[in-house]
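Participant: Predicted model, plus sequence, below.
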Amino acid sequence: MPSVYFDGELDDIGIWNRALTASEIASNYNQSFIAPQDGLIGNYKADETDGTDLLDNSSHGNDAVLYGSNGLSGRD
């Protein structure tokens, strides 16, 4: 199986421990997540301006480290 890489940018990343309904997806689309949300276990705004660390803005403290990327770059 060939390796496939995402070639793009991500912002405001949310990870839930359950499937979301179509209505929940629509209400969260293209905006920052309003916490707390049922089942939201990781909320990464990706507002950091450099480095490879992503801070979790949920109440769970699931900070992340980016691997295999150029890291975060100068966004305001």
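Facilitator: Good, I have the coordinates. Note that the structure is a prediction, hence the values are computed from the model and not measured.
Participant: Would you map the strands across this protein?
Facilitator: Along the chain, counting by DSSP state E, strands occupy 13-16, 40-44, 50-51, 53-54, 64-65, 72-73.
Participant: Which strand residues bridge residue 14?
Facilitator: Taking DSSP bridges as the rule, residue 14 bridges to residue 43.
Participant: give me the low-pLDDT residue ranges for the chain?
Facilitator: Scanning the chain with the threshold set as pLDDT under 70 gives 35, 68-76.
Participant: Could you rerun that using 80?
Facilitator: For the chain, the stretches with pLDDT under 80 are 1-2, 5-9, 32-36, 47-51, 67-76.
Participant: Tell me who's in contact with the residue nearest to the spatial centre of it.
Facilitator: Taking Cα atoms, centre = their mean, the centroid of the chain lies closest to residue 13, which sits 1.9 Å from it. Going by Cβ atoms under 8 Å, 6 or more residues apart in numbering, residue 13 touches 42, 43, 44, 46, 54. For every residue, glycine as well, the C-beta is placed using N, CA and C.
Participant: closest to residue 23 among those residues?
Facilitator: residue 43 (19.2 Å; Cβ to Cβ).
Participant: what's the burial count for that closest one?
Facilitator: 24 (other Cβ atoms under 10 Å).
Participant: quick one: it from residue 4, how far?
Facilitator: According to Cβ to Cβ, to the nearest Å, residue 43 and residue 4 sit 26 Å apart.
Participant: before we move on, what about residue 14?
Facilitator: With Cβ to Cβ as the criterion, residue 14 and residue 4 are 22 Å apart.
Participant: With that, I have no additional questions.
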